[in-house]
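A.B. asks: No sequence on hand, only this structure:
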């Protein structure tokens, strides 16, 4: 065999796969890299029109991060986001598990229509309903409190969790449940003791996605809550750090970095769950 | 219906019937929290939104019935017609870019073996980072004075002067489409990839035996078998692209001169900033017909998928 034939197949992927995928990876990562670089650059270099913007030449500074902690309510927004996201996630996953089980397993009048209703609400974008919801939140006496968000986020989280978990529950063999029922478990006990432990990956996936969607939410948080000290991360960084025409880009990017960090960490550890959740949403 | 000890077959069915009868209350109890949540916080607001759109409601005032007056005024308003046009341009452009490049990326990811996990992870990242925060960095990248994009183009001598990305109406539309594509591309790529993985390998082997070339295999196997997944992804993304708020609100606030307003941002301006809730609700309701169309097609596809099973 000639050595040329062995050589080409071994380097071919470099040209046909890895070279073409490079621009995609660059496109995806550059803004995030630039976010980090900007947040670590001294102002003198940041606002030097001639300096190469990609690099840090005059030393790294954590000044923007320090300023963010001392001069703004940044950590208050961070805690607010955490409280709202955890609250909304727990509520939505619980409601989702409860609703997904009968929809996946039991026959009852109205099951199909309710399944369709869940599916439709899953497709309703928040920007369709924010005006009337603001008025509902107002009448419930919840406006300008974090409860407004804990109560309204489940409107888009519950349909997602239910839809995802229905798919998961259907993959569990019915025989396991039947055995449990022969042993005298009722429906709720089988759900709690048999089905849920098997469906743990689905529940984790639903929880991760619900948390991510709540953490990233912007419109409801912008509309329903106005006092600065009650804002969530996404709204706080945007609306409180930009004052008039003066932009503190270093601080703004520092805020964006820390604000993205919890999600990025969760993502690194649970990548496979994210991929499952992402595709389950559309394919199942 | 089934009386105990009636006809013998009914007695035989009693086991099944009892099981069903016993399950129904349990099912309703389990579904109840989700049902009431959707009733009070989705269905009721939707009805309220219909009422608002037919009334002259303002902030702190329920308003009176005015019929289709809001819609009549909108269709006669230049800003609204501009918003309508922007929405079509924005959605069509972003969807086409995401479909073409998402497909290309999925085909690459499908064949990549080494560093598979790192590359997939990197490419997916824009989708999970909070849009409100990542859009800020795009804003900084297109900032008039310090834009890294302009710096690069000038350094490479592609252009001589700064390009006014956000102050120019057409370039501003280009920019919001670009950012939407950046954020949405991973969703397309990963979902199409899942569709590719599901295509049986035997199909390709058989085609190869019959002498089909790579292009032929792509057009006659990959594309037709990918059609359902593509349709779902495009329909799904159509709603959320059309309903986009974050990117436009943060980058341009709908400007310059309303040239990037979408339904969501214009409805925000009308309903909350100038307090005309009736008009604002009417604008956001324009999202509803598209929602209905998408729901209709999606449900048809779900039904077809279940009958094949």
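C.D. replies: Ah, there it is. Values in this document were obtained by computation on a predicted structure and should not be read as measured data. Residues are numbered from 1 along each chain as shown, chains lettered A, B, ... in the order given.
A.B. asks: how many other residues sit next to residue B:118?
C.D. replies: Residue B:118: 11 surrounding residues under other C-beta atoms under 10 Å in any protein chain shown. The C-beta positions use only the backbone N, C-alpha and C, and glycine is treated the same way.
A.B. asks: Can you tell me which helices and strands the strand or helix carrying it packs against?
C.D. replies: Taking DSSP states H and E as the definition, one finds residue B:118 inside helix B:116-128. In terms of contacts (3 or more C-beta pairs under 8 Å, 6 or more residues apart in numbering or on different chains; DSSP states H and E), helix B:116-128 is packed against helix A:19-39, helix A:249-269, helix A:271-283, helix B:78-111, helix B:169-197.
A.B. asks: Which one of those helices lies nearest to residue A:167?
C.D. replies: Smallest distance to residue A:167 across the helices and strands packed on helix B:116-128 (C-beta to C-beta): 5.7 Å, for helix A:271-283.
A.B. asks: The helices and strands packed on helix B:116-128 into JSON lines, with extra columns for mean neighbour count?
C.D. replies: Formatted as JSON lines, the helices and strands packed on helix B:116-128 follow (neighbours: other C-beta atoms under 10 Å in any protein chain shown):
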{"stretch": "helix A:19-39", "mean neighbour count": "17"}
{"stretch": "helix A:249-269", "mean neighbour count": "20"}
{"stretch": "helix A:271-283", "mean neighbour count": "19"}
{"stretch": "helix B:78-111", "mean neighbour count": "18"}
{"stretch": "helix B:169-197", "mean neighbour count": "22"}
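A.B. asks: Determine which of the ones you listed approaches residue B:279 most closely.
C.D. replies: Of all the helices and strands packed on helix B:116-128, helix B:78-111 comes closest under C-beta to C-beta, at 9.0 Å.
A.B. asks: Of all the helices and strands packed on helix B:116-128, which one is nearest residue A:65?
C.D. replies: Nearest of the helices and strands packed on helix B:116-128 (C-beta to C-beta): helix A:249-269, 4.8 Å.
A.B. asks: who in the stretch 201-309 of chain B is up against chain A?
C.D. replies: Contact residues, the stretch 201-309 of chain B versus chain A (C-beta under 8 Å from any C-beta of the partner chain): B:229, B:232-233, B:236, B:239-240, B:242-246, B:250, B:263-264, B:267-268, B:271-272, B:277, B:280-281, B:284-285, B:287-288, B:291, B:294-295, B:298-299, B:302.
A.B. asks: Among these, name the buried ones.
C.D. replies: Buried members of these, scored by 16 or more other C-beta atoms under 10 Å in any protein chain shown, are B:229, B:232-233, B:236, B:239-240, B:242-246, B:250, B:263-264, B:267-268, B:271-272, B:277, B:280-281, B:284-285, B:287, B:291, B:294-295, B:298.
A.B. asks: now the stretch 101-250 of chain A, which segments are flagged as low pLDDT?
C.D. replies: Applying pLDDT under 70 to the stretch 101-250 of chain A flags residues A:243-246.
A.B. asks: quick one: contacts for residue 64?
C.D. replies: Using chain A. The contact partners of residue A:64, taken as C-beta atoms under 8 Å, 6 or more residues apart in numbering or on different chains, are A:39, A:40, A:248, A:250, A:251, A:253, A:254.
A.B. asks: look at chain B instead
C.D. replies: Listed by C-beta under 8 Å, 6+ apart, the contact set of residue B:64 reads B:55, B:56.
A.B. asks: now it: how far from residue B:72?
C.D. replies: 16 Å (C-beta to C-beta, to the nearest Å).
A.B. asks: do the same with residue B:140
C.D. replies: Using C-beta to C-beta, one obtains 42 Å as the distance from residue B:140 to residue B:72.
A.B. asks: just residue B:145 next, same as before
C.D. replies: Per C-beta to C-beta, residue B:145 is found 44 Å from residue B:72.
A.B. asks: Same check on residue A:48?
C.D. replies: In this view, residue A:48 and residue B:72 are 55 Å apart by C-beta to C-beta.
A.B. asks: just residue A:129 next, same as before
C.D. replies: On the measure of C-beta to C-beta, residue A:129 and residue B:72 end up 23 Å apart.
A.B. asks: cool, and residue A:149?
C.D. replies: In this view, residue A:149 and residue B:72 are 36 Å apart by C-beta to C-beta.
A.B. asks: Of those two, which one has the most company?
C.D. replies: Neighbours per residue (other C-beta under 10 Å) separate residue A:149 from residue B:72, with residue A:149 holding more: 25 against 12.
A.B. asks: Name all residues that make contact with that one.
C.D. replies: Neighbours of residue A:149 in contact, by C-beta under 8 Å, 6+ apart: A:84, A:88, A:214, A:217, A:220, A:221, A:224, A:225, A:232.
A.B. asks: before we move on, what about residue A:156?
C.D. replies: Neighbouring residues of residue A:156 by C-beta under 8 Å, 6+ apart: A:121, A:122, A:124, A:126, A:213.
A.B. asks: residues near the last one, how many?
C.D. replies: If I follow you right, that is residue A:213. The burial count for residue A:213: 19, using other C-beta under 10 Å.
A.B. asks: Isn't it up against residue A:160?
C.D. replies: Yes: between residue A:213 and residue A:160 a contact is recorded at 7.2 Å, counting by C-beta atoms under 8 Å.
A.B. asks: with the contacts of residue A:156 in mind, which one is nearest to chain B?
C.D. replies: Nearest to chain B among the contacts of residue A:156: residue A:121, at 5.1 Å, using C-beta to the nearest C-beta.
A.B. asks: hmm, who's touching stretch A:73-89?
C.D. replies: Contacts for stretch A:73-89 (C-beta under 8 Å, 6+ apart): A:68-69, A:146, A:149-150, A:153-154, A:157, A:207, A:210-211, A:214-215, A:221, A:228-237, A:240, A:255, A:258-259, A:262.
A.B. asks: can you give me the helices in the stretch 201-309 of chain B?
C.D. replies: The residue ranges that make up the helices of the stretch 201-309 of chain B, judged by DSSP state H, counting those that start in this stretch, are B:201-209, B:214-217, B:223-242, B:246-251, B:263-268, B:277-285, B:287-308.
A.B. asks: what about residue A:242, distance to chain B?
C.D. replies: Separation of residue A:242 from chain B (C-beta to the nearest C-beta, to the nearest Å): 9 Å.
A.B. asks: mind listing what that residue touches?
C.D. replies: Neighbouring residues of residue A:242 by C-beta under 8 Å, 6+ apart: residue A:252.
A.B. asks: Test my guess that residue A:116 contacts residue B:296.
C.D. replies: No: Residue A:116 is not in contact with residue B:296 according to C-beta under 8 Å; the separation is 11.1 Å.
A.B. asks: okay, now the domains of chain A?
C.D. replies: Per automatic domain parsing, the structural domains of chain A span A:3-61, A:65-283.
A.B. asks: I'd like those laid out as TSV, including distance to residue B:110.
C.D. replies: As requested, the domains of chain A are exported to TSV (distance: least, C-beta to C-beta, whole Å):
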stretch	distance to residue B:110
domain A:3-61	10
domain A:65-283	14
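A.B. asks: quick revisit: show me which of the contacts of residue A:64 is closest to chain B.
C.D. replies: Distance to chain B across the contacts of residue A:64 (C-beta to the nearest C-beta) is lowest for residue A:253, with 6.5 Å.
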